[in-house]
Each structure stands twice: as C-alpha cells, then as structure tokens.
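J.: quick one: sequence and predicted model below, then my questions.
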Amino acid sequence: MSSALACAQSVVDLVGGTPLVRLRSVEQRAGAGVEIWAKCEFANPGGSVKDRAARQIILDALAAGQLPAGRRLIDATSGNTGVAYSMIGAALGVPITLVMPANVSLARKQITAAYGTEVIYSSELEGTDGAITMARALVAARPEAYYYADQYSNESNPRAHYLGTGPEILDAVGDRITHFVAGIGTTGTVMGTSRRLKEHRASIQVVTVEPDDSLHGLEGLKHLESSLVPSIWRPEGLIDRRLAMATDEAWDAAEQLCTEEGLFVGHSSGAAVAGALRVAREAGPGACVVTVLPDRGDRYFGPLRWEKQYVW
C-alpha cells in the first residue's frame, strides 16, 4: 500500500475503497488450499457498508431534483443506514428524518442524534417492517415535506455496490474469486455486487446468508419468508444458493473473529463469515471465497454518550 495520504473535499468522498483482509484462522478451519477474504466495510467513515447505499441514494436524489432546499429525506432503518444518512446529510446540508424500531441499539440512537437527525421510533415488536409501515404513513400524510428514500426499493442501493463493491473486489482478487457470500438485509449489497461479479464471470457462485428463523438475534439481517420482501430483491440469474444461519453459529463466528483475527465486528459479519466457512469447506482446494464485514462490534454497545463537558 502507498504511504501517501489521500485528500478529500468532503467526508462523502471517503466512502468506499475499503480493504480486503485475509482470514487465516477461518481458512485453517476450512481446510488446506482455500482462500477466504473479507471486505472491511467497517472502514467506511460512518462505520458500515450502508455508507455506500446512503451516499448513492442522496447523490442520485439531488441530481434528479428530488431534494430541493428544506425537503427532508425520510427512511426506515434498523440503525446503520440511519447513521449513514445522518453523516451524508450533515455533510451535504440535507435534513434527515429516520424511523427506527425502538429497540435498536442505544449507540445507533445516540450517533444519529449527534448528527442532528430527527428520529421517530416505531414499535419494537414490529421490527423494521413496522418502521417501514410508519415511514410510509408519514409520507402519505405530508408528501410535500418528505423525499421517501425507501432503501428497500431504491435502485440506487444496489447501484452503489454495482459501481463500487463489485469492481473493488475484482481489482483486489481478480480471477481467483470463485464464490461471493453476503448476508441479506435490504439485499442491496448482494444484488449490486453479484450483478457486477456475474458480468465479469458467470461461473462465480453467489451465496446469500439469512437468519434461520423469524425470531433471531442477527440485527440488520432479514428472514425473508416472514418479512416484507424488498422490491430490489430479484435473485433470478444472480443468486446460486441461500444459506440459513443460526444465531448462535453467527455469534460464535463473530467472537472468533475478535479473538483470533483482531476484528471486532457485528453479528451480521459473524453470519457472513460462518457462511463463507461452510462454502469454503464444501468447495475445497482452489476455492477463493470473498465475503463482507458490514460493521464494527462497538456499534452494538449499550452505553454511549457524547459528553460536552467532563468533570475530572
């Protein structure tokens, strides 16, 4: 890597270009002759993969004249996208309103508030689907006040990964890649990345990971059979296999990444790596599996407060 520091005109320009890290300890469990790489999306300035989609959504909306001065961008989110909208909105002068389930982590609530974002809480019993329903109702009541970004239906979401994540992976590992493994949330990451990878070489296998039950502990991931299915989820010709992931298996994988690789990441990252391990074991020697680490583990801490004054 070059030692020269890049210059940016805005934090918006720092999104993307995240490194891949080789997971040697995971490779050892998979067996000899395999490569397992993870895209470090926690290295984005907002701390998660959602920086990519939020930036593309806002930039495309501004270019299309959908965010005139004073109009608020509104969306439903379980947290990471909300942080990303808040960061990009603050940098570009776009006011943000978020609808989030009341039980999202305290860290995410307080980070979004620090950016000056308006936050409205939906029922913790209804998850992200309840937040979506509430966001739609708010827009219907005051359509002139809001631009509804709708990350679950907005084509700018997968487009961000088609233009960024996919090419970055190909630049890093080239034709060695045999498999791409990613979790399912909005589905934007896997949809956009897989489209670009399949254009490069149709034989690259794309595998999605989702919770094995509607009642799960993998924040940010969707159990599609029991959820509102995002309209950007169009798997035909792109998704080769879907893996069901138990919460315990994903949590164990996240803990191992921390203690064995020094990567303190969230449980959706654990799910992705556990899926990559399964795929690599089955594929055997010659496999090169790339997966995604969506965010950092500290995003899930309970206590966090921005202190303006300290008493020593």
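T.: Good, I have the coordinates.
J.: count the neighbours of residue 286 for me.
T.: 10 (other C-beta atoms under 10 Å). C-beta here means a position set from N, CA and C on the backbone, and glycine is covered the same way.
J.: cool, residue 142 as well?
T.: 10.
J.: how far away is it from residue 148?
T.: 11 Å (C-beta to C-beta, to the nearest Å).
J.: and residue 242, that's in a strand?
T.: Yes. Per DSSP: H, G, I helix; E, B strand; the rest coil, residue 242 lies within a strand segment.
J.: for it, give the beta-bridge partners.
T.: residue 208 (DSSP bridges).
J.: surely it is in contact with residue 208?
T.: Yes. With contacts counted by C-beta atoms under 8 Å, residue 242 reaches residue 208, the gap being 5.0 Å.
J.: between the two, which one's more packed in?
T.: residue 208 (27 against 14).
J.: tell me the contacts of the more buried one?
T.: 181, 182, 183, 184, 190, 235, 239, 241, 242, 243 (C-beta atoms under 8 Å, 6 or more residues apart in numbering).
J.: now residue 139
T.: Contacts of residue 139 (C-beta under 8 Å, 6+ apart): 74, 146, 148.
J.: any idea how far residue 240 is from residue 127?
T.: 28 Å.
J.: tell me the centre residue of this protein?
T.: residue 49 (3.9 Å; C-alpha atoms, centre = their mean).
J.: picking up where we left off before, sort out for me which of the contacts of residue 139 are in strands.
T.: 74, 146, 148 (DSSP state E).
J.: if you rank these by neighbours, which is first?
T.: residue 74 (24 neighbours).
J.: tell me which residues form a beta bridge with that one?
T.: Bridge pairing for residue 74 - DSSP bridges - gives residue 97, residue 148.
J.: residues contacting it?
T.: 96, 97, 98, 99, 135, 138, 139, 146, 147, 148, 149.
J.: so the residue lying closest to the first one once chain neighbours are set aside, which state does it fall into?
T.: It refers to residue 96. Among residues not flanking residue 96 along the chain, residue 89 sits closest, at 4.1 Å (C-beta to C-beta, 6 or more residues apart in numbering). For residue 89, the secondary-structure state derived from three-state DSSP is helix.
J.: residue 144: how many residues sit nearby?
T.: Neighbour number of residue 144 under other C-beta under 10 Å is 6.
J.: from residue 30, how far out is it?
T.: 54 Å.
J.: next: residue 49.
T.: 23 Å.
J.: same deal with residue 98?
T.: 39 Å.
J.: distance between the helix or strand where residue 190 lies and the chain's centre?
T.: In the assignment (DSSP states H and E), residue 190 maps to helix 188-200. Centroid separation for helix 188-200 versus its chain: 14 Å, with C-alpha atoms, centre = their mean, to the nearest Å.
J.: ok, now stretch 208-215?
T.: 16 Å.
J.: next, the distance between the ends of it.
T.: 19 Å (C-alpha to C-alpha, to the nearest Å).
J.: just stretch 201-220 next, same as before
T.: 29 Å.
J.: now do that stretch: distance to the chain's middle.
T.: 12 Å.
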